[in-house]
Structures are given as structure tokens and as C-alpha cells.
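Undergrad: Sequence and predicted structure, then a few things I'm wondering about:
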Amino acid sequence: MKSEIEKKMKAITKKLWVALTAIAALSVGDIMAQTASKEIIVPISGNTWQSPKETKILTREDGIKAGDKDSEFATYVRFATLGTINLAVQVGEVKESASIKLSVGNQVSEVQVNPQQSNGTVAVGDFVVQDTGYVAIKLSGNGNQGLPTIQSYRITGNQELINSAKYVADNEGNYFYWGRRGPSVHLSYTTPADKDIEYYYNEITVPEGEDVVGSYYMANGFGEGYFGIQVNSATERRILFSVWSPFHTDNPKEIPDDEKILLTAKGADVYTGEFGNEGSGGQSFLRYNWITGNTYKFLLRGRPIANNYTEYTAWVFAPEKGDWQLIAQFQRPKTNTYLKRFHSFLENFIPSQGNLERHVRFANQWVRDVNGKWHECTQAKFTADATARKAYRLDYGGGVKGNDFYLRNCGFFADYTAIGSEFESVPNGQQPNIDVETLPLQ
């Protein structure tokens, strides 16, 4: 009996020893993973904004040029965990000694940069990452000397912290430009799959304070173009409607005559012409100072017509005007389709404005089929562009609040919405009260 008990005790002791050894090894591994250091190089270009205003000192590819003594430069890096980072500055040629000041939150450090350190790395010191989300590394001159050429930051910390860092890593694919523009975000609406859809209807409200210069709030996107409102400058806003040519090019002058978009009608004071850079085609816009807090209605018609063309017509209803106004009517060659891919998006098209948040609400989405029946669209899928998918920028979001879908982007806010998320709004059951037969065509 005693022998049996001893055998069992030895077996239990052996298992316990194996378990403790495994736990100890795991703990050591975890500790090593947390304490082993790792470094990253964060380029100035692609991640930095200059204030109080941007100048040519901040370059698209080569960081901060020497000479500026009056500006502050904020570089943004996102961390998903807390810890301490060691910061160093990589400089270009240093022609004269200069004092520079760097801060992370309320932590400030001042360092002297000398000509002997040209094209090298200047140690700054340790900073604590006190919260998850974006951290702004702020740099400015300290005194009357101008800044030397600043190319990048070298950031060192434990592996867990550094592995969580998100930023624009390099300029491959021109991402120093796209990264500063910020992530574009979209809502794709679910429409009846078994119907030919002739009309899209949507409503946009830009809340007060969210009308950031450089914003495009796009209401009625379709397979061949888009229709929405923009803030083009402090004094100019537009209602924009564009249709892409079937000929793929970024230069409208290359489009053959038989693949050009034809303008067949336009509203009063509407400018029409060509556009390029992100595909090419026909563009129309009305300079109109729409108002934050007001709700604007957008109606788009798309239908196949003779000779393998599809005709697209766009109208807008401004509450200040009180009636529907034609923006333009285009005909697209080599196309035979009704409306497809109903979507909205929010984008920033001015890189220097990519550090400012913006927000828009979309409500009351309906589509009308070829038989004249309206269908309410209450389901939407959230997606984003390559800047977001590469995790170069994670300041994007979207969702639903009651009857409204919404999108937000830029500004380096901490939270973000998972790409591919699906949302459902509360249906209101009130179809648009529009007599489509009486809509203006001039």
C-alpha cells in the first residue's frame, strides 16, 4: 500500500515539476519579449504637419529643410500599448549650431545640434507613451537659430510597444502624399439584387464645425461616377457631379472621340469640363455655398439609351432654394446599364488638411426601379481605401445612429471602425415625394 502511494506521489511531483518548468519558461519568454528593444525609423515626410501654416520648408520626400525658426512640426505615430520610447533625430547637413525643442504630450526635451553631427543621429531622450492611440511628436526651433535639416525620427522601445506602432513607413506608391491626405472611407448600400435600378436618392448633412477645407462628402456614388458636395477653400464650396470615361487614363487629352463623355444638358451657372488624375471623364460643378446643419437631397438617374450609351442625370435640392435644380446630364459611350454599386464616401483631397477631423451624416437612402417602385436601403457596409488597409492611417470610422449612417476621418482620433463592418439603420418608411416627370432638364 505504501509503495503504491509513493508511486502516485512521485508521478504527481513529476507532472508538477514539468508544469512549473513550462510556466517559468513562458514567463521568461514573455519578459524577454517585453524588455528586448526594437527600433523603427519614422520619416518626417508623410507623417508631419507644419503650423501655423505650411510652407515649402516641409517637403514631400526629404523632410524639413533647414532654416525655419518660427514653425512647429507635429509628427504622428500610433501606439496600441503603453511604455517608454527613446527618441533620436536623424539630421542632414548642419551648417551652424542650433537648439531644438521636442515634446510628447507635456514632456519636453531640448537638445543642441552641431555641425559635427551632420548626416547623423542626435539623441534626444526618453518619453512615456501615456495613452493608446496617436502620439504627436512636436518639434520647433529653440532660439534665434533656424532648424537644421530634419529627415526622420529613430524611435526605440520594447518589442510589444514598437511592434504596435503605425505610421506611413515609406514613399513607395507615393504614400507620403496619400498618407498626408488621410484615409478615405465608404458606405456601400444594399439594393434589391433582382431589380433594374433607375434612380438613387440620398440626403447629406454636414454638422456645424465639420466643414473642413479639402473635404468631399459624396452622396450618390455609382459604378461610373459620383455626386456630392465639397469644401474647396475658405470662400468656395461646390456641388460636384462626374462621370468616368470607359477609356482608362489619368489624362483626359488621351481619350479617343468615341469614348468621350458627352454633355447633353446642364443647369444654370453650372461649369462643365474634363477631369483627370484619378481616372478621366466629364465633370460638372455648381459653385454654391451650402450651409452646415442643413440637409441637402441628391437624386441621380441612370438608364441605357440608344447606340450603346448610358445617360446619367443629377439633381440637387437645397432647402434654401426650395426646389430641385439640375446639375448636369451626361451620356457615357460603350455602356449599357442601369445604376449599380450605390455608395457614399468621405475623403480629404488637400494633404495639408489631413490632420483635421471631419464628419458627415447620410440619411434616407432610397432607390427607384424601372417600374416606378421605391425601395428603402437600410443596410450598409463600411470600407476604406489602401491607406487605411495598409494601416498607414487608422483615424477613420463609420457606423449608424438611428436613421442616419455616418462617416468620419482624419484628425488622428484614437478609435477606428473595423473595415468590412456592416450596419443597419432604422427604416422610416417615407419614400421620396418626387414627381420625376417634372424634374428640370436645364
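TA: Structure received. Note that the structure is a prediction, hence the values are computed from the model and not measured.

Undergrad: how many other residues sit next to Ser245?
TA: Counted with other C-beta atoms under 10 Å, residues neighbouring Ser245 total 24. To be clear about C-beta, it is placed using only N, CA and C from the backbone, and glycine gets the same treatment.

Undergrad: Figure out the length between the terminal residues of stretch 106-126.
TA: Start-to-end span of stretch 106-126 (C-alpha to C-alpha, to the nearest Å) is 13 Å.

Undergrad: for stretch 253-263, same thing?
TA: Stretch 253-263: ends 16 Å apart by C-alpha to C-alpha.

Undergrad: Go ahead and confirm Phe317 touches Thr295.
TA: No - between Phe317 and Thr295 there is no contact under C-beta atoms under 8 Å: 9.2 Å.

Undergrad: Of the two, which one has the most company?
TA: Neighbour totals were compared for Phe317 and Thr295, and Phe317 leads with 18 against 15 (other C-beta under 10 Å).

Undergrad: Secondary structure element for the nearest residue to the more buried one once chain neighbours are set aside, which one?
TA: Leaving out its chain neighbours, the residue that sits closest to Phe317 by C-beta to C-beta, 6 or more residues apart in numbering is Lys297, at 3.8 Å. Here Lys297 sits within strand 295-305, counting by DSSP states H and E.

Undergrad: helices and strands around that strand, which ones?
TA: Counting contacts by 3 or more C-beta pairs under 8 Å, 6 or more residues apart in numbering; DSSP states H and E, strand 295-305 is packed against strand 197-205, strand 215-221, strand 225-231, strand 309-317.

Undergrad: Walk me through which strands the last one pairs with, and which way each runs.
TA: In the sheet, strand 309-317 lines up against strand 295-305 (antiparallel), strand 324-333 (antiparallel) (DSSP bridges).

Undergrad: In TSV, list those along with distance to Arg389 and mean pLDDT.
TA: What follows is the strands paired with strand 309-317, written out as TSV (distance: least, C-beta to C-beta, whole Å; pLDDT from 0 to 100):
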stretch	distance to Arg389	mean pLDDT
strand 295-305	28	98
strand 324-333	29	97
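
Undergrad: Go through these and name the closest to Gly420.
TA: Nearest to Gly420, of all those, is strand 295-305, at 25.7 Å by C-beta to C-beta.

Undergrad: Mind exporting the C-alpha coordinates of the closest one to CSV?
TA: Only the C-alpha atoms of strand 295-305 are listed here, as CSV (Å, rounded to 0.1, in the frame of the first residue of the first chain):
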residue,chain,number,x,y,z
THR,A,295,-29.9,68.8,-45.2
TYR,A,296,-29.3,68.5,-48.9
LYS,A,297,-31.1,66.0,-51.1
PHE,A,298,-29.4,64.3,-54.1
LEU,A,299,-31.2,62.4,-56.9
LEU,A,300,-29.4,60.6,-59.7
ARG,A,301,-30.9,58.9,-62.7
GLY,A,302,-29.1,56.3,-64.8
ARG,A,303,-30.5,54.4,-67.8
PRO,A,304,-29.3,52.8,-71.0
ILE,A,305,-30.3,54.6,-74.2
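
Undergrad: Tell me the buried residues in it?
TA: By neighbour count, with 16 or more other C-beta atoms under 10 Å as the criterion, the buried positions of strand 295-305 are 296-303.

Undergrad: want to throw those into TSV with distance to Thr132?
TA: Listed next are those as TSV, based on distance: C-beta to C-beta, whole Å:
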residue	distance to Thr132
Tyr296	37
Lys297	40
Phe298	38
Leu299	43
Leu300	41
Arg301	47
Gly302	45
Arg303	50
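
Undergrad: Just give me the closest of the residues you listed to Leu356.
TA: Each of those was scored against Leu356 by C-beta to C-beta, and Tyr296 proved nearest at 21.8 Å.

Undergrad: ok, the closest residue to Asp269 other than its chain neighbours - how many residues close by?
TA: The shortest distance from Asp269 to any non-neighbouring residue, by C-beta to C-beta, 6+ apart, is to Leu286 (6.1 Å). Using other C-beta under 10 Å, Leu286 is surrounded by 23 other residues.
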